[in-house]
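# Any chance you can model this:
(chains A and B)
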Amino acid sequence: MSRISSTFASLRRKNKTAFIPFLMAGDPDYELSLEIIKTVDRSGADLLEIGLPYSAPLADGPTIQKSSRRALDSGFQPRQVFEMVEDIRRESSTPLIIMSYINLIHKFGMENFISRCRQSGVDGIIVPDLPPEEGEELKKISSQIDLIWLLSSNSPAGRIDRVTRAAEGFIYAVSTPGTTGSREKISLEIKNTISKIKEIRKIPVCVGFGVSRPEQVNSLAEFADGVIVGSAIIEVIERAVNSSPGDIEDADSGEDAEIKEKSPASINQQNLLSQLEEFIINLTEPL
Amino acid sequence: MSVHSKTKKVDRETGKFGEFGGRYVPELLVPVLEELEEAFYHYQDDPQFHQEFEYYLKDFVGRPSPLYYAERLTKKLGGAKIYLKREDLNHMGAHKINNTLGQVLLARRMGKEKIIAETGAGQHGVATATVAAMFGMDCEIFMGAEDVERQALNVFRMRLLGARVNEITRGTKTLTDAVDAAIQHWVEHSDDTFYLLGSAVGPHPYPVMVREFQSVIGRETREQILDAEGRLPDYLLACVGGGSNAIGLFHPFLDDKEVEMIGVEAAGLGLDTDKHAATFSRGCPGIIHGYKSYVLQDENGQITPVHSISAGLDYPGVGPEHSFLKASGRASYESATDQQAVEAFKLLSEIEGIIPALESSHALAYLPELASQLDQDKIIIVNLSGRGDKDVYTVAEEMGTDLK
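Predicted coordinates for the structure are as follows:
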């Protein structure tokens, strides 16, 4: 049984819903990002999802796009994530999932990517622009690593069936049609998709996209095995970056330029980490 | 002239061109693309759909477009005979309308009320706004802020035609960012919105669908050159950004082994600078915007910024079928710099009385090298994909003339 599966099994025994925070590797830079991930891990993560920054993140809304951009602008490159994972593994056994767009994996070389995942202690991979139809090759070579597929409320029955049977670890259910990002309301339509999945197979299903508030976590916890929260956490980081006293040369140079001008070194690290801790404790209270 | 003809069946399952193409998209888009694929293949077999398409191509677009013997250009270059396929004479001045017309007819049959599209130079945006206006549909165009500035005239035309222009200010603020934004918008609104993609790129079925709608160019050309010369051409020449005008010209000739095909991409300030859009010369296989093809990317797989004087060629990917044609050796791909394109732009204006689009000027720019080396009994057909009115400000600036 994979580390992901056994984590869900143990949560089920305790009748608990998994909390899975998403963070972008390298945002705002390598060092602080590593501290952020460790802090979030300690604050109550049952699994961790770590994104690789990409220049054209199709499935992501503005918050994660900007997070990607900050990481890349700091000079962080995707391959450094393995170093980061090794570091996290020294003190944590929380199941760890890498989110990467397919072009990064393709450029890395699929076999090379997977073997680096294995060596560093990654447990699963989510590839948001790789539907199972295109994922045969990756699946073939990725033993010991769970390939996590997505389903959404608009997935037709036949598709739900195929994906569910092929699934490993858990299924990522997309809450609302759209890109990632905090939303006022989350449609509970996904509940139907989850029921259909459960009729086929008793595999854990976690809901993500748009989850940002404790009451949303609460209502999802009633029928999902886990909730995934990304943008809402990253917004805490974004606020800290934007309000840090950076040396801005031109106050009118717009938001993007403003972010670039600020060095992560000027962020009050301790403040940010305790804000994140507080945010997560609050968010996961219903769990 | 019949617009409709049987084309070779492609793999209906995946839309793969060898290792290229496919459907690399977020899960949410898979059912949407499956619905589109189903509708496309359904109406591909429907004579009524083709009848309507042909009717509008003839009476609204003004097809067939002429195949014009460029006599003075031929003499000037002193080699092969040069013909120009005059897509610049289409309604609204470019080949883009062949595709937007086909897709809007499909959108109507699918019951979609809203049309969205990305645009680089603005030609596809204008062509989309045109057909949306013609059928009274809601239309929103995504365009990079830099392109909005470079192509103010087209932006105004789109607005005149009733479209909203959504200016994209992130990333490089060009076509690639406009595509990202349009796809993201579509993900959220696919229930009532049709994404009218402008080139033979994107996830399946777009590359197949756009090629089919653009193949009218090659089918007409084939008949026209047989009428004029009694034989097929030796060379087909077309500019390649996403590659829709090129694939539209090439595709009906694929089985004619004697016809050589050359696509010309944008070398910008030069292939050895970091300011170009030469996907084949400097890219390698990867995945972009939902399909596998040659992609301009860095050693880490990050998509690199691109540059071309022509906003329509300013794109880091290329249609997957072109990648297949390159890999199989059926077509070859060359490049022309900004400067070479501007020279070709001026040359055709001066000696043929035709102002070509800067995009098409890249194809023309390869002529001196090609035509002059060939005997006078050889025939080259260049796809003049659009007219250059939209580019006169850019070229004037390049020539140091202040029009303001």
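# quick one: secondary structure of residue 54?
Using chain A. Taken by DSSP: H, G, I helix; E, B strand; the rest coil, the conformation at A:Y54 corresponds to coil.
# wouldn't it be in contact with B:Q302 here?
Yes. Contact criterion Cβ atoms under 8 Å: A:Y54 and B:Q302 qualify, at 6.9 Å. From N, CA and C alone the C-beta is placed, and that goes for glycine too.
# Could you check which of the two has the larger neighbour count?
A:Y54 (28 against 19; other Cβ atoms under 10 Å in any protein chain shown).
# Would you mind measuring from that one to A:A71?
Using Cβ to Cβ, to the nearest Å, A:Y54 is found at 9 Å from A:A71.
# Next: B:A336.
Taking Cβ to Cβ, one finds B:A336 at 36 Å from A:A71.
# These two: which is more packed in?
B:A336 (28 against 25).
# helices and strands around the helix or strand that that one is a member of, which ones?
B:A336 is part of strand B:331-337 when elements are defined by DSSP states H and E. Where contact means 3 or more Cβ pairs under 8 Å, 6 or more residues apart in numbering or on different chains; DSSP states H and E, strand B:331-337 is packed against strand B:260-268, helix B:279-282, helix B:320-328, helix B:358-365.
# Mind giving me the packing neighbours of whatever helix or strand comes next after that strand?
The helix or strand immediately downstream of strand B:331-337 is helix B:338-352, counting by DSSP H and E. Using 3+ Cβ pairs under 8 Å, 6+ apart, the elements in contact with helix B:338-352 are helix B:71-77, strand B:260-268, helix B:358-365, helix B:392-398.
# Try it again at 6 Å.
In terms of contacts (3 or more Cβ pairs under 6 Å, 6 or more residues apart in numbering or on different chains; DSSP states H and E), helix B:338-352 is packed against helix B:71-77, helix B:358-365, helix B:392-398.
# Show me what residue of chain A gets nearest to chain B.
A:K107 (3.0 Å; Cβ to the nearest Cβ).
# Any buried residues in stretch B:213-223, and which?
By neighbour count with 16 or more other Cβ atoms under 10 Å in any protein chain shown, stretch B:213-223 contains the buried residues B:F213, B:Q214, B:S215, B:V216, B:I217, B:G218, B:R219, B:E220, B:T221, B:R222.
# Tell me the one of these nearest B:T193?
Ranked by distance to B:T193 (Cβ to Cβ), these are led by B:F213 at 19.4 Å.
# neighbours around the residue nearest to that closest one when sequence neighbours are not counted, how many?
Closest residue to B:F213 in three dimensions, ignoring its sequence neighbours and counting by Cβ to Cβ, 6 or more residues apart in numbering or on different chains: B:G102, at 3.3 Å. By the criterion of other Cβ under 10 Å, B:G102 has 25 neighbours.
# Per-residue pLDDT of B:G102, please?
You'll see B:G102 listed with a pLDDT of 98.
# Residues in contact with the helix or strand containing it: which ones?
Applying DSSP H and E as the criterion places B:G102 in helix B:96-109. Helix B:96-109 is contacted from outside by B:53, B:56, B:61, B:90-91, B:123-124, B:127-128, B:131, B:194, B:196, B:210, B:213-214, B:216, using Cβ atoms under 6 Å, 6 or more residues apart in numbering or on different chains.
# Name the spans of chain B whose pLDDT lies under the cut-off.
B:1-14, B:404 (pLDDT under 70).
# and the stretch 1-150 of chain A, which of its residues are near chain B?
For the stretch 1-150 of chain A, the contact set with chain B under Cβ under 6 Å from any Cβ of the partner chain comprises A:55-56, A:58-59, A:77-78, A:102-104, A:106-107, A:128-129, A:131, A:134, A:150.
# In those, find the pair that's most separated.
A:Q77 and A:P131 (26.3 Å).
# Quick check, B:D338 in contact with B:I309.
Yes. Using Cβ atoms under 6 Å, B:D338 is in contact with B:I309, at 3.9 Å.
# How about the residue in chain B that chain A sits nearest to, nearest residue that isn't a chain neighbour?
Closest to chain A within chain B is B:G301: 3.0 Å, counting by Cβ to the nearest Cβ. Using Cβ to Cβ, 6+ apart and skipping the chain neighbours, the partner closest in space to B:G301 is A:K107 (3.0 Å).
# Would you confirm that that neighbour contacts B:E299?
No. With contact defined as Cβ under 6 Å, A:K107 does not count as touching B:E299 (7.7 Å).
# Looking at these two, which one has more neighbours?
Ranked by neighbour count (other Cβ under 10 Å), A:K107 and B:E299 place A:K107 first, with 22 against 9.
# name the element that one belongs to?
helix A:102-108.
# Can you pull the residues of chain B lying near chain A?
Residues of chain B lying near chain A (Cβ under 6 Å from any Cβ): B:22, B:24-28, B:30-31, B:180, B:183-184, B:187-188, B:286-287, B:300-303.
# Apply 8 Å and report the result again.
Residues of chain B lying near chain A by Cβ under 8 Å from any Cβ of the partner chain: B:14, B:22-28, B:30-32, B:34, B:170-171, B:176, B:180, B:183-184, B:187-188, B:190-191, B:285-290, B:295, B:297, B:299-303.
# List of residues touching stretch A:86-94?
Here stretch A:86-94 makes contact (Cβ atoms under 8 Å, 6 or more residues apart in numbering or on different chains) with A:R3, A:L34, A:I37, A:K38, A:D41, A:A45, A:D46, A:L47, A:L48, A:L96, A:S120, A:G121.
# next one: it to chain centre, how far?
Put simply, stretch A:86-94 sits 17 Å off its chain's centre (Cα atoms, centre = their mean, to the nearest Å).
# now the angle between helix B:358-365 and the helix or strand B:K85 falls within, please.
Assigned by DSSP H and E, B:K85 belongs to strand B:81-86. In terms of direction (axes from the mean of the first three to the mean of the last three Cα atoms, to 10 degrees), strand B:81-86 departs from helix B:358-365 by 170 degrees.
# What is strand B:81-86 packed up against?
strand B:67-69, helix B:71-77, helix B:216-229, strand B:379-384.
# so it versus strand B:379-384, what angle?
Using the same axes, to 10 degrees: strand B:81-86 against strand B:379-384 is 30 degrees.
# Report the strands that pair with strand B:81-86, each with its relative direction.
strand B:67-69 (antiparallel), strand B:379-384 (parallel) (DSSP bridges).
# If you count neighbours, what's buried in the longest one?
By neighbour count, and taking 16+ other Cβ under 10 Å as the criterion, the buried residues in strand B:379-384 are B:I379, B:I380, B:I381, B:V382, B:N383, B:L384.
# how about the third one, what does it touch?
Put plainly, it is B:I381. Taking Cβ under 8 Å, 6+ apart, one finds B:L67, B:I82, B:Y83, B:L84, B:K85, B:T221, B:I225, B:P233, B:Y235, B:L236, B:L237, B:L249 in contact with B:I381.
# 10 Å - rerun?
Residues near B:I381 by Cβ atoms under 10 Å, 6 or more residues apart in numbering or on different chains: B:67, B:81-85, B:218, B:221-222, B:224-225, B:232-238, B:249, B:253, B:259.
# just the first one next, same as before
Residues touching B:I379, when contacts are defined by Cβ under 10 Å, 6+ apart, comprise B:69, B:74, B:80-83, B:225, B:228-229, B:231-236, B:259.
# Check B:G290 too.
By Cβ under 10 Å, 6+ apart, B:G290 lies in contact with A:58, A:102, A:129, A:134, B:21-26, B:29, B:33, B:179, B:183, B:197, B:201-204, B:206-207, B:317.
# separation between it and B:H50?
In terms of Cβ to Cβ, B:G290 sits 27 Å off from B:H50.
# and if you look at A:N218?
For A:N218, the distance to B:H50 (Cβ to Cβ) stands at 55 Å.
# who's more crowded, those two?
B:H50 (18 against 14).
# So the more buried one sits against B:Q44, correct?
Yes. The pair B:H50 / B:Q44 is scored as a contact, 8.4 Å apart, by Cβ atoms under 10 Å.
# Please enumerate the strands of chain A.
For chain A, the strands defined by DSSP state E occupy A:18-24, A:48-51, A:96-99, A:124-126, A:146-148, A:150-152, A:171-174, A:205-208, A:226-229.
# Format the ones you listed as TSV; extra columns: mean pLDDT, mean neighbour count and distance to B:F40.
Listed next are the strands of chain A as TSV, based on pLDDT from 0 to 100; neighbours: other Cβ atoms under 10 Å in any protein chain shown; distance: least, Cβ to Cβ, whole Å:
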stretch	mean pLDDT	mean neighbour count	distance to B:F40
strand A:18-24	98	25	36
strand A:48-51	98	24	34
strand A:96-99	98	26	32
strand A:124-126	98	23	30
strand A:146-148	97	21	30
strand A:150-152	94	24	22
strand A:171-174	96	26	25
strand A:205-208	96	26	32
strand A:226-229	97	26	34
